[in-house]
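> got a predicted structure here, sequence first:
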Amino acid sequence: MKKLLIPALAMSVLALAGCTNTSTYSGDVYRGNQAETAQSVSYGTIQSVRPVQIQGGNGESVLGSLGGAVIGGLLGNQVGGGSGKTLATAAGAIGGTIAGSKVQQATDRVDAYELEIRQDSGQNVVVVQKADRNWQVGQRVRLIASGSSVSVAPY
């Protein structure tokens, strides 16, 4: 029974880590508060396209840390006996916390593009959004602004 618990917990943590919603970084997805509101539109031409990554969340993962601590503690608890077992459990939990946090941070990264755009007004702006479309230097685009949020769409 104990041997089945560890793989089941590991798979659960990985499954939850995959539930991160990255669609909000796309230019094709609007947040609820943007619906039915007036947004300004300007036009421009892409000057440069650079691949980047967006780090989702705030870089701190409670889910990854907790899941890693549980799995690490359970694995450490399988080692030794007496006070050695207690130390191994604590060390496993600490190591699992660090490893789980790193795994979660890696799953929260989204491939994106940094688009430098010369607006028709002559001003250059940079917009970063999810890499869900192939942008080309020289391509005409629309910049859709709502407050401090700007997304780029094909023209």
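Okay, I see it.
> list the contacts for S42?
119-121, 142-143, 145 (CB atoms under 8 Å, 6 or more residues apart in numbering). C-beta here means a position set from N, CA and C on the backbone, and glycine is covered the same way.
> a markdown table please, covering the residues you listed and showing neighbour count, pLDDT and distance to V128.
Formatted as a markdown table, the contacts of S42 follow (neighbours: other CB atoms under 10 Å; pLDDT from 0 to 100; distance: CB to CB, whole Å):
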| residue | neighbour count | pLDDT | distance to V128 |
| --- | --- | --- | --- |
| Q119 | 14 | 97 | 16 |
| D120 | 11 | 97 | 21 |
| S121 | 9 | 96 | 21 |
| R142 | 15 | 95 | 17 |
| L143 | 22 | 95 | 13 |
| A145 | 14 | 90 | 14 |
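> pick the one among those residues closest to A91.
Nearest to A91 among these, counting by CB to CB, is A145 at 51.3 Å.
> show me what the lengthiest strand in the chain pairs with in its sheet, parallel or antiparallel.
Longest strand of the chain, by residue count under DSSP state E: strand 40-55. Strand partners for strand 40-55, identified by DSSP bridges, are recorded as strand 109-119 (antiparallel), strand 140-146 (antiparallel).
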